[in-house]
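K.L.:
Could you look at this predicted model? Sequence included:
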Amino acid sequence: MTLFRARTGGLLLLAAIIALVPLGLGNGYFYDVAVNAMLAAIVCIGLNLLIGYGGQISLGHAGFFALGAYGSAILTGRFELAPLAALTLSAAAVGLAAFVLGRPILRLKGHYLAMATLGIGIIIHIVLKTESGLTGGPDGLALGDFTVLGLTVSGERDWYWVAGGVLLLSVWLSLNLIDSPLGRALRAVHGSEAGAEAAGIDSSGTKVLVFVISAMFASVAGSLFAHKNGFITPDIGSFFHSVELVTMVVLGGMASTFGALVGAVILTLLPQMLASFEQYEAMILGAIMMGTMIFLPKGLLPTLIGLIRRGRGTR
Amino acid sequence: MSLLRIENLSKEFGGVHAIEDLSFSVDSGTIHSIIGPNGAGKTTLFNLMTGVYAPSAGRVLFQGKPVTGCKPFELAALGMSRTFQNLQIFFNMTALENVMVGHHLHLDRRLIPSLLTLPSLRRRDRAARDVCAGLMEFVGLSRYLDADAAQMPYGALKRLEIARALAARPRLLLLDEPAAGLNATESREIDEVIKRIAASGVTVVLVEHDMKMVMGISDHILALDYGRKLAEGTPAEVRANPEVIAAYLGVQA
Amino acid sequence: MFAEFLQYLFSGLTSGAIYALAGLGFAIIYNASNVINFAQGEFIMIGGMTTATLAAAGTPLWLAVALALVVAMLVGMALERLAIEPARDADVVTIVIITIGASIFLRGAAQVIWDKEFHSLPAFSGEVPISLGGATLMPQSLWVIGVSALAIALLWWFFNRTLFGKAMLATSHNRLAAQLVGIGVKRVLLASFALSALLGAVAGAVVTPITFTSYESGIMLGLKGFSAAVLGGLGSGLGAVVGGLIVGLVEALASGYLSSAYKDAIAFIIILFVLFFMPSGLFGRRGTDRV
Amino acid sequence: ADPIRIGSFLSVTGPASFLGEPEKKTLELYVERANRDGGVLGRPIELIIYDDGGAGEKAATFAKRLADSDKVDVLIGGTTTGTTMAAVPMAERAKVPLISLAAGIPIIDPVKSWVFKVPHTDRMAAEKVILDMKKRGIAKIALISEDAGFGKSGHDQTVAVARENGIEIVADEVYSAKDPDVTAQLTKIKNSPGVQAVFNFGAGQGPAIVTRNFRQLGMTVPLYQSHGVASKDYIRLAGEAAEGVRLPAAGLVVAAQLAATDPQKPVVTAFKSEYEKTFKSEVSTFAGHPYDALQIVLAAINRAGSTDKAKVRDEIEKTSGYVGTAGMVSMSPTDHMGLSPSAFHMVEVRKGDWVLLD
Amino acid sequence: MLLELSGLSSHYGRIPALKGIDIEIAEGELVALVGGNGAGKTTLLRCLSGVQPVSGGTIRFDGADITAMPPDQRVGLGIGQSPEGRQVFGPMSVEDNLRLGAYRRHGPDVAHDLERMYDLFPILRQKRREAAGTLSGGQQQMLAIARALMSAPRLLLLDEPSMGLAPLLVAEIFAIVQSLKAAGTTIFLVEQNAYAALKIADRGYVLETGSVVLADRGDRLLADERVREAYLGL
Ligand SMILES: Nc1ncnc2c1ncn2[C@@H]1O[C@H](COP(=O)(O)OP(=O)(O)OP(=O)(O)O)[C@@H](O)[C@H]1O
Ligand SMILES: Nc1ncnc2c1ncn2[C@@H]1O[C@H](COP(=O)(O)OP(=O)(O)OP(=O)(O)O)[C@@H](O)[C@H]1O
Ligand SMILES: [Mg+2]
Ligand SMILES: [Mg+2]
């Protein structure tokens, strides 16, 4: 019951924040950053299901993000599909790919899994860079506006509401899933695979399922991002982007949907705030990453919530 | 009728015969204990029966059907449930959630209803919560209802595993040293628990070194040594068996 | 035909030995702490940059290398003390993120302290290629191969024959038990970072004449070193070296016989393939956890 | 007075930092010069630079930030084709003139109303090399290029130019920027029958490694490099092995050797000495691009008499006869680069220095 | 007194696990600690070894305050522990596990003690090259005890040493404990097999929810009604 209330409360609060933030957004740039943050948050919410709840690492999720983006670009550009159809088709294809790859890969544990997912991400990145006939190569690929039901989403203000809506939906789905028996099974697999299996849980099936879901979240976010920017380069599929995504999840707080969201927002804003420090930017970013993880090892949000609870005297 | 049959089962680990050409059967509705010295192969036998290990030879029949090669979760779905000697607790969850995971097979596990949180799913889940809380009470863990599993002492975790195994509503329950880490008084409580489980029609296979418990509640005992059958029979028969005394019990038990 | 093949082998050996050296550093820290230190590449960079700048300023090579070792070791120890030790109870992923943060920080610092240029070092034993069966090999490659071989031998000896080495392994397997048998786990962790930083610096010095060095050169070496260490099996010194050589050879042979554009992808496909069949790498510890 | 704002997004770090770093230095230097000389239209110039690290998506965000938040009057940047192209939709939508420092043809072809560029295209470099080869009677060549943006687009242009000129590419290999060794690729080239010359398109340390591995394998055919290595760093890193290597370079690199009649000579000599005096490091081709971009922009603002973006855009388009480090620039509504093809000179490395060949 | 605890308390987060424990153990004594699940026995032993933070009170060993001493130095002073849950170094060989037990010792005695452990537990000799993690539960328990003995402790802390052992071995373990005591080792024994423990103990303490509720001679505790009912199942 308390869980349920916290959940609805969190969703309402998020909706309120999304509705109110535009009051403080001065111009298109701020909207743009907000959209970037929300799209990153969508990826992180999916990734958090895998990392935070399922206990599996992926250093290749930028690859799925990029596949979604390129899928949309190629399907709308070359095959002239409607953007929504392209997005759906890309997500389905990415889901299928994750399903096929997931079986063998998710048998691996810990750093071995990190390596395998990293490898898949890098292979995707290389293909995007190399197959320039299809992808435009390192110089990238342009694509058009996003349209749904005859309405065109253009300009960062439109995008803000679209991304906000999709974000809310993602949060809602993620919270529902975690709160269901299936979500509990997922966490059980994290806790002990042998224990979960003994309870009748198909641990590898469960891991594959969440891998597929998280890949599809990434793909959808990638498609939206591509349309929003109007131009994509293979960089979005790079190893660094994958690492950035994982960092967002861990920084915000693993096994916390809202934590993943907070992490995504912060790591999207941070480089923008540090941009004026010029050559010290990297040092400051690195120091902030280290410092946060040292002093708040559970991540920002869980630690904060812990502090507030303690302050209120509830356990 | 025998619920579980083991036929010529063997398991080797790089030259070590942990189980060697072992055959026996477990009758429905009984408490069947397996005893033997450390390293006799009891836990290995459990792992073979529940699909954690694949046997090197031989087969396992459950309810008359061969189940060799089935995965643990498939066997669980057939009604086999177990606890572990090396605890397999979900330390990232609360005690109650641990038990609820045990109840997994009886809940709605479909993806779409889960993503949409259909009301029917919620209702069943809430009902499961009550069932599982009841089971915790049954094994004597009522004070840990809201505790995180990571905060519980060792003895409580052993009981938690029993509750989790029970939550699956098994036909066959395999318990690996349920009394380890419990003092005599606490062990007697577990005696009661096991007896009541058996009385409810669940077949129990028990591995335990607490002879008071084994001798007190078993219908049938199988003694193993070096992976082979040393003796088999009623508690009285096994207790009197000189080989069992020499290898396992010592002078008095 | 054979000469061509031999040349690919040599090319693969050169790159492979470099990856192997990078991979060995991962193995050491992993052996002590179960942590993958993503800043390992930065140790190599620091070693290379320090040696190169000192040598360029006229310091004799041996002295430049020695100073670079000291600098890298200090950085490694500072990293352990200031960033790893305070977070010792955290999740492995959390610590991985800390090391990623550290690598970003060190890269940023290097760019401020030095510059963004590439730096080079003269080859240790001249630039006259050695001809063998129609193929050529640079003497510096032999240096890299030799240093890797020496490093495996030393590490094998250290982890299998010395009590301190075993204590390091014990610390990674079970920190609590290590404390209970009297192992000073803080010292062990500090030593592991010092050791792998030292190895990284050596690597940096010997590979710089081949690859040059710059503030960013740690990235690729870190990535390839990680691949090598995982392919070979985490924690195994021999594994890291074999893994590194395999990655190097696969890249070279793939460039030679298949496609140079996809050589990196092919290397990763091979790694994935190996992991599918050997989930703990070629020489990694097999799972010993029982239920 | 209200300052004129110039916004710039450059790849100061990351894989293209060898381009972005000197670009940033030049911009800062010449904006300061312009201010010292009283600014433009009596207004000081304010320069805002962001580092996109070579990532297109970051560049897009920074371009937006410069246009929307910093309210700049004109954008200079995009160190690479990828970063430029990622920012193009933003510039077009925000209607801010953008002058790119990248080489890619897609930037100006098709022509986009708000987008211009100053550097030569890769195609010009490729043409220069291919023509030089033709002059030497070379008909079959091997190509080796870096797999990232600069090398990749150079590769594509070279393939096209070679085809047009009847030169056959008998081997076509690729390496990654950070590969420690490329002998495998070069061995394959060496064993490809009939190779009369090798052309390497790349920048950074890669070409130096290619050059050294090339000599190590005992290859004796002529080796060509692209303008990507036209800085002394290349000679320093490749050492002896660079002797005899030919490449196309902007006049800037060989300023002192240019004919006295060359109209570029005074411009490049002054720029080179100014840059090298200030930064104590050798000038590269790329350092000149922002200089040209800045001069063109400032002149356009001057002519427009205001910072009205549309007017400035029109004036940039009307740039004509500007002599910069890259060559003579005359833009038009159909040509947003306007460089004469004669911009490149063929140079050869001799005794550790550049020697002008034509 | 070899070991003196005064007012020792410890918390997990904000939840107290030990609430002001006063215990004294003289050199050469064998002292048993009994208590139900969650009483705090393990927590107490962890505090003594320095792997669990102490939030109040002091620990004195051989007259010196060691409350803040790091765990490895305590082993150097002679405090050895066989922990709950065995905690063997799974992937390492049985022999390496034993050698590491003597990490703080040097000299020829170590090899001698190793042989002694193999004599005590012949199965360990048989499995000396195997990875400790592949041993059966009871075999690992033997290894944990033997590893603690390898440090040749002055004060041996045993956390449920008989757990998971076959009846024959349980008897064996208690015999070993008695012979160690006879040889002068001070022993602090936590046992669920309270009957056997109190029987051989000089003195015993009963712990309940973090506090000592009874302290007396072993035989007297065995006769105590409360103890008989709560811990002996009688
Ligand atoms: N995965 C494995 N690898 C190698 N040997 C194993 C493995 N699993 C079990 N063994 C060996 O098989 C034998 C039987 O072990 P098992 O755990 O089944 O014994 P047990 O009867 O349960 O003993 P205990 O009463 O001590 O729990 C032991 O000698 C053990 O070392
Ligand atoms: N990691 C932990 N976090 C929070 N609380 C804990 C933790 N470990 C133990 N506790 C709590 O501390 C108290 C004492 O636990 P401890 O393990 O010392 O008991 P014990 O007497 O050894 O029990 P057992 O006989 O079951 O081993 C218990 O109430 C337990 O719930
Ligand atoms: Mg067992
Ligand atoms: Mg305990």
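P.N.:
Yes, it's here. Keep in mind that what you see is a predicted model, and the values were worked out from it rather than measured. Numbers count the residues shown, from 1 in each chain, chains lettered A, B, ... in the order given. Ligands and ions are numbered 1, 2, ... in the order given.
K.L.:
name the element B:Glu189 belongs to?
P.N.:
If you go by DSSP states H and E, B:Glu189 is part of helix B:184-199.
K.L.:
can you give me the offset of that helix from its chain's centre?
P.N.:
14 Å (C-alpha atoms, centre = their mean, to the nearest Å).
K.L.:
after it, next one along is what?
P.N.:
Assigned by DSSP H and E, the successor of helix B:184-199 is strand B:203-207.
K.L.:
And the helix or strand of chain B with the lowest mean pLDDT, what does it pack against?
P.N.:
Ranking every helix and strand in chain B by mean pLDDT, DSSP states H and E puts helix B:111-116 at the bottom, with a mean of 88. Of the remaining helices and strands, those touching helix B:111-116 by 3 or more C-beta pairs under 8 Å, 6 or more residues apart in numbering or on different chains; DSSP states H and E are helix A:155-179, helix A:181-191, helix B:119-138. C-beta: built from backbone N, CA, C; applies to glycine.
K.L.:
Could you dump these into CSV and include mean neighbour count?
P.N.:
Below are the helices and strands packed on helix B:111-116 laid out as CSV (neighbours: other C-beta atoms under 10 Å in any protein chain shown):
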stretch, mean neighbour count
helix A:155-179, 20
helix A:181-191, 25
helix B:119-138, 16
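K.L.:
Indicate which one of these is closest to D:Phe344.
P.N.:
Across the helices and strands packed on helix B:111-116, D:Phe344 has its closest neighbour in helix A:155-179 (41.0 Å, C-beta to C-beta).
K.L.:
Show residues contacting the least confident helix or strand of chain B.
P.N.:
Helix B:111-116 is contacted by residues A:Leu173, A:Asn176, A:Leu177, A:Ser180, A:Pro181, A:Leu182, A:Gly183, A:Leu209, B:Asp108, B:Ser120, B:Leu121 when judged by C-beta atoms under 8 Å, 6 or more residues apart in numbering or on different chains.
K.L.:
give the contact list for the first one.
P.N.:
When you say that, I think you mean A:Leu173. With C-beta under 8 Å, 6+ apart, A:Leu173 has these contacts: B:Leu115.
K.L.:
Please enumerate the strands of the stretch 151-300 of chain A.
P.N.:
With DSSP state E, counting those that start in this stretch, the ranges of strands along the stretch 151-300 of chain A come out as A:151-153, A:231-232.
K.L.:
Those strands: lowest mean pLDDT?
P.N.:
For these, the weakest mean pLDDT is recorded on strand A:151-153, namely a mean of 86.
K.L.:
Can you name every helix or strand that it contacts?
P.N.:
Applying 3+ C-beta pairs under 8 Å, 6+ apart, one finds that strand A:151-153 contacts strand A:146-148, helix A:155-179.
K.L.:
and ligand 1, which of those is closest to it?
P.N.:
helix A:155-179 (34.1 Å; C-beta to the nearest ligand atom).
K.L.:
okay, the angle between the closest one and helix A:181-191?
P.N.:
80 degrees (axes from the mean of the first three to the mean of the last three C-alpha atoms, to 10 degrees).
K.L.:
one step back: CSV for the contacts of helix B:111-116, including distance to E:Gly137 and pLDDT?
P.N.:
Compiled in CSV, the contacts of helix B:111-116 are given as follows (distance: C-beta to C-beta, whole Å; pLDDT from 0 to 100):
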residue, distance to E:Gly137, pLDDT
A:Leu173, 43, 94
A:Asn176, 41, 92
A:Leu177, 37, 93
A:Ser180, 35, 91
A:Pro181, 32, 93
A:Leu182, 33, 94
A:Gly183, 33, 93
A:Leu209, 34, 96
B:Asp108, 37, 84
B:Ser120, 43, 82
B:Leu121, 39, 83
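K.L.:
Return the member of those residues nearest to B:Arg129.
P.N.:
Nearest member of the contacts of helix B:111-116 to B:Arg129, counting by C-beta to C-beta, is A:Pro181, at 11.0 Å.
K.L.:
Over to the nearest residue to A:Gly191 once chain neighbours are set aside: give its phi and psi.
P.N.:
Closest residue to A:Gly191 apart from its sequence neighbours, by C-beta to C-beta, 6 or more residues apart in numbering or on different chains: B:Phe90 at 2.9 Å. Phi and psi for B:Phe90, reported as degrees, to the nearest 10, are phi -90, psi 90.
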